[in-house]
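Q: my questions concern the predicted model and sequence given below.
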Amino acid sequence: MNDPGLDDAIADEAHALDHNSSPDEKDNSREIDASHPHAARWWLASTAYPLIAGTFGPMSSAFSICSLSQPWRMELLPGGGERDVPDPHWVTSINAVSLGFALIANLALSLNMAKRIRFGIAQPVIIVGWYISSLLLLGDLIALGVLMYRPENAGRTYTQTYFYGTFAAGLYFIIATMMLVTAWGAHKGQYSREYKLTTSQRTLMLQTIIFFIYLLGGSAVYARVEGWKFMDAVYWGDFTLLTVGIGNFAPATHLGRGLLFPYAVGGIIILGLIISSIRTLMLEHGREKVANLITAHTRKILLKQAYDKDTQSRLVPNLHADPDDMTEMSARERQKREFITMRRIRQVATVQHKWVSLITSLVVWMALWLLGALVFWRSEINLGWTYFEALYFAYVTLLTIGFGDIYPTTSLGKAFFVFWSLLAVPAITILISSIGDTLIRIVKDATLFLGEITILPGDRSLLARVKDLVRISWTEKWLQETTGEENDPRVFLGDTDEDSERGIARTRQGTAEAEEHRKEESAHRRGDLAAENIHHYHYLLFREIRKLIDLTTRNLSKEFDYLEWEYYLALISGQNKPCNNVSGNTAQAKEHAKRLEKYRNWSWLDKKSPLLGRESEVEWLLKALTEAMECELKAMTLDHQTTKESGVSRRVSGDETAKGKVDRSGLKSRDGFEV
């Protein structure tokens with residue numbers, strides 16, 4: 001299916017829904033440590049398996065409904081036609097009972113995810129319900145298959161509904177097994193007994209239910225209007241909504257063609273929402289988990305190389321400390337090397353993650369293509385199809401080209417096409433997105449390079465560009481991150497003319513930053529060095545918080561260099577806050593000492609390093625600076641209250657007897673604030 005262009009809208013909606021989740025939803029989900037050796041397994045069991053079950057459960061039920069719509073056998077007439085053969089009543093009854101258990105399991109799963117039924121009650125119903133559905137349907141299929149060997153069934157074959165029942169039985173068994181693994185992991189205490197699905201993930205399941213209702217409902221209408229069999233109408237509705245357009249079935253009546261306008265548009269929109277939701281969940285939420293696992297694995301390997309005295313890695317600097325070496329590196333040099341190491345670990349993990357995603361999606365797509373072609377070849381082999389023709393048909397279908405020169409005509413071919421296409425089209429969408437993160441960048445760089453040396457010369461000479469290519473190793477080339485507005489050199493930490501102009505504008509607006517700057521200048525004129533230092537420190541906090549807010553509002557994922565991080569950490573910890581004149585008994589001094597102790601043994605190699613966290617560097621720094629500012633304001637308020645109470649006590653004890661009242665006019669704290 002062609003990309004409907006709804007990716008950004010769905011991504012924004014999913015982000016908004018996830019961040020507006022209820023507190024209970026967030027509290028009940030225990031986070032799985034990415035460094036845990038079985039983290040991937042438990043994340044699959046706690047999150048991916050319930051999501052797959054909730055998505056494929058409605059598909060399985062839809063296939064069960066299809067298997068009930070018509071008999072499972074048909075007779076091929078001599079003139080080329082076909083006639084349905086009624087099934088025994090017990091076959092239909094068992095099929096209906098199987099569908100009933102499946103619907104109960106689907107309902108229990110939905111109610112449990114909506115927190116209407118407890119996990120301990122719903123999970124047995126879900127697992128047992130789907131297992132019973134699978135076994136009943138499987139027994140029904142086997143029993144009817146045995147009957148087909150009787151002499152009276154000579155010349156008869158299976159209809160599409162028989163194969164839909166086969167797909168449904170297999171899906172029921174697979175998703176029931178997944179939910180059994182989920183229940184086992186919760187029983188072992190690896191995660192909480194609540195599904196860790198966000199609102200956007202549950203929305204995907206609702207969209208899937210709506211799509212299959214829409215597909216089957218529209219197929220029933222067209223079967224009535226066009227005089228098709230219901231299964232042929234489902235086959236037509238599938239390749240119509242997927243925009244493949246094979247063409248062997250097409251509406252011929254005026255009513256059918258008229259209904260196509262709203263039916264096709266509505267179905268394409270719903271399917272577009274589903275594909276965009278899948279892409280959002282797979283490429284953002286799923287990738288986040290995979291990225292954490294890859295980062296943890298990369299960190300372990302590269303740190304081992306960094307501390308290995310016998311092996312010098314080309315990726316990370318050496319961190320081995322030799323006790324016999326008299327020229328031991330300084331603490332600042334060590335921290336700088338640790339910073340470079342963690343930055344490189346993140347870069348290597350990012351590159352690995354992009355290529356792992358590409359290779360994984362490519363393998364899935366190739367498997368769907370090759371195995372799908374194999375099934376089409378075997379189903380249509382009596383009609384003279386070769387495997388190459390099956391590959392050709394599967395390829396043009398995967399890319400939603402749909403020439404219509406060849407198409408499946410057998411019952412197995414049509415039924416498998418519906419099942420296979422519903423998996424293949426989202427797979428090609430994810431593959432295209434993965435290609436955009438890797439190969440497209442290579443093509444773009446090559447195109448720009450060829451343009452600069454031919455018809456679109458750049459600012460640099462051809463010789464300079466060639467020297468750059470020779471000088472930079474391939475490893476460095478792959479690890480180079482794209483530079484843009486987020487690394488704008490104008491976003492600087494020190495005082496600049498731009499900062500002065502902004503400071504004037506902020507002063508006119510009466511912001512807290514300008515107010516602290518005014519109080520700093522006032523304390524300087526009075527000669528109050530302690531107050532001047534404190535207000536200058538507050539001014540720096542407000543200024544950097546404002547700068548980071550500006551970056552956040554522009555949605556920039558800026559990566560700061562080591563000097564910038566060194567400055568920010570000193571600002572957060574209060575290392576650059578002069579406290580010579582601050583008494584150690586004040587709340588501000590105690591808070592200052594507490595933060596100094598917290599960052600005294602700072603190490604970039606920690607698992608919770610901001611360079612490896614889920615938050616961006618801007619978000620981490622903004623949060624840390626805001627917390628430092630809150631602590632400062634609380635400590636300052638406490639000091640003012642203490643000063644006020646002690647000043648009032650002294651004045652009352654010394655003057656109350658003589659004057660009969662307390663004169664508090666003009667009383668100031670040591671920081672220059674009016675009390």
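A: Here it is on my side, so go on.

Q: so for the helix or strand encompassing residue 170, mean pLDDT?
A: Assigning secondary structure by DSSP states H and E places residue 170 in helix 160-187. Averaged across helix 160-187, pLDDT comes to 94.

Q: which neighbouring elements make contact with the following helix or strand past that helix?
A: As assigned by DSSP H and E, the chain's next helix or strand after helix 160-187 is helix 199-226. Counting contacts by 3 or more C-beta pairs under 8 Å, 6 or more residues apart in numbering; DSSP states H and E, helix 199-226 is packed against helix 7-19, helix 49-69, helix 89-113, helix 230-241, helix 254-280. Quick note: C-beta positions are derived from backbone N, CA and C, even for glycine.

Q: give the buried residues for the helix holding residue 170.
A: Counting neighbours by 16 or more other C-beta atoms under 10 Å, one finds that the buried residues in helix 160-187 are 160-180, 182-183, 185-186.

Q: which other helices and strands does that helix contact?
A: When contacts are defined as 3+ C-beta pairs under 8 Å, 6+ apart, helix 160-187 packs onto helix 49-69, helix 89-113, helix 119-147, helix 230-241, helix 411-437.

Q: mind running it again at 10 Å?
A: Applying 3 or more C-beta pairs under 10 Å, 6 or more residues apart in numbering; DSSP states H and E, one finds that helix 160-187 contacts helix 39-43, helix 49-69, strand 73-76, helix 89-113, helix 119-147, helix 230-241, helix 411-437.

Q: next, count neighbours for residue 362.
A: Residue 362 has 15 neighbouring residues, counting by other C-beta atoms under 10 Å.

Q: that one touches residue 433, doesn't it?
A: No. With contacts counted by C-beta atoms under 10 Å, residue 362 stays clear of residue 433, the gap being 11.9 Å.

Q: touching, residue 95 and residue 63? I think so.
A: No. Using C-beta under 10 Å, residue 95 makes no contact with residue 63, being 11.4 Å away.

Q: and for these two, which residues touch both?
A: 137, 161, 165, 168 (C-beta atoms under 10 Å, 6 or more residues apart in numbering).

Q: if I read this right, the first one contacts residue 102, doesn't it?
A: Meaning residue 137. Yes. Judged on C-beta under 10 Å, residue 137 makes contact with residue 102 at a distance of 8.6 Å.

Q: any shared contact partners between these two?
A: Contact criterion C-beta under 10 Å, 6+ apart; residues shared by residue 137 and residue 102: 60, 63-64, 168, 172.

Q: picking up where we left off before, export the helices and strands packed on helix 199-226 to a markdown table and tack on mean pLDDT, distance to residue 552 and mean neighbour count?
A: Below are those laid out as a markdown table (pLDDT from 0 to 100; distance: least, C-beta to C-beta, whole Å; neighbours: other C-beta atoms under 10 Å):
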| stretch | mean pLDDT | distance to residue 552 | mean neighbour count |
| --- | --- | --- | --- |
| helix 7-19 | 42 | 14 | 16 |
| helix 49-69 | 91 | 30 | 23 |
| helix 89-113 | 93 | 33 | 19 |
| helix 230-241 | 94 | 40 | 23 |
| helix 254-280 | 89 | 21 | 17 |
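
Q: dump those helices into CSV; add distance to residue 559 as well.
A: Listed next are those as CSV, based on distance: least, C-beta to C-beta, whole Å:
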stretch, distance to residue 559
helix 7-19, 22
helix 49-69, 32
helix 89-113, 38
helix 230-241, 43
helix 254-280, 24
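
Q: of all those, which lies closest to residue 78?
A: Closest to residue 78 of the helices and strands packed on helix 199-226 is helix 230-241 (C-beta to C-beta; 21.6 Å).

Q: now do the closest one against helix 49-69: the angle between them, please.
A: 140 degrees (axes from the mean of the first three to the mean of the last three C-alpha atoms, to 10 degrees).

Q: helix 230-241 packs against which elements?
A: helix 49-69, helix 160-187, helix 199-226, helix 254-280, helix 411-437.

Q: right, and those - which one's nearest residue 632?
A: Closest to residue 632 of those, according to C-beta to C-beta: helix 199-226, at 37.1 Å.

Q: please, which helix or strand holds residue 84?
A: strand 82-85.

Q: tabulate the helices and strands packed on helix 230-241 (JSON lines), appending distance to residue 353.
A: Below are those laid out as JSON lines (distance: least, C-beta to C-beta, whole Å):
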{"stretch": "helix 49-69", "distance to residue 353": "20"}
{"stretch": "helix 160-187", "distance to residue 353": "25"}
{"stretch": "helix 199-226", "distance to residue 353": "21"}
{"stretch": "helix 254-280", "distance to residue 353": "16"}
{"stretch": "helix 411-437", "distance to residue 353": "9"}
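
Q: tell me which of those helices lies nearest to residue 42.
A: Proximity to residue 42 (C-beta to C-beta) singles out helix 160-187 among the helices and strands packed on helix 230-241, at 5.9 Å.

Q: got the angle for the closest one vs helix 230-241?
A: With the same axes, to 10 degrees defining the directions, helix 160-187 sits at 70 degrees from helix 230-241.

Q: tell me what angle helix 160-187 forms with helix 89-113.
A: Orientation check (the same axes, to 10 degrees): helix 160-187 against helix 89-113 gives 40 degrees.

Q: quick one, grab the pLDDT at residue 576.
A: So residue 576 comes in at 55 (pLDDT).

Q: so where's the stretch 351-500 of the chain uncertain?
A: The model of the stretch 351-500 of the chain has pLDDT under 70 over residues 436-438, 440-441, 445, 448-449, 452-500.

Q: thought residue 231 was touching residue 417?
A: No. Taking contacts as C-beta under 10 Å, residue 231 lies outside contact range of residue 417: 11.3 Å.

Q: which neighbours do the two share?
A: Here residue 231 and residue 417 have residue 160 as joint contacts, going by C-beta under 10 Å, 6+ apart.

Q: quick one, domains of this structure?
A: Per automatic domain parsing, the structural domains of the chain span 36-192, 439-482, 497-659.

Q: now these as a markdown table including distance to residue 404?
A: What follows is the domains of the chain, written out as a markdown table (distance: least, C-beta to C-beta, whole Å):
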| stretch | distance to residue 404 |
| --- | --- |
| domain 36-192 | 20 |
| domain 439-482 | 30 |
| domain 497-659 | 44 |
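
Q: quick check: which of these is buried the most?
A: Ranked by mean neighbour count, the domains of the chain are led by domain 36-192 with a mean of 19 (mean count of other C-beta atoms under 10 Å).

Q: hang on, the earlier thing: pull the most distant pair out of the shared contacts of residue 95 and residue 63.
A: Pairwise distances among those were taken by C-beta to C-beta; the largest, 11.8 Å, belongs to 137 and 161.

Q: now for those two: what residues contact both?
A: Listed as contacting both residue 137 and residue 161 by C-beta under 10 Å, 6+ apart are 63-64, 67, 95.

Q: CSV for these, including distance to residue 209?
A: Converted to CSV, the shared contacts of residue 137 and residue 161 look like this (distance: C-beta to C-beta, whole Å):
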residue, distance to residue 209
63, 14
64, 14
67, 18
95, 21
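
Q: between these, which is closest to residue 540?
A: Using C-beta to C-beta, residue 63 is the member of the shared contacts of residue 137 and residue 161 that sits closest to residue 540, with 64.3 Å.

Q: separation between that closest one and residue 49?
A: According to C-beta to C-beta, to the nearest Å, residue 63 and residue 49 sit 20 Å apart.
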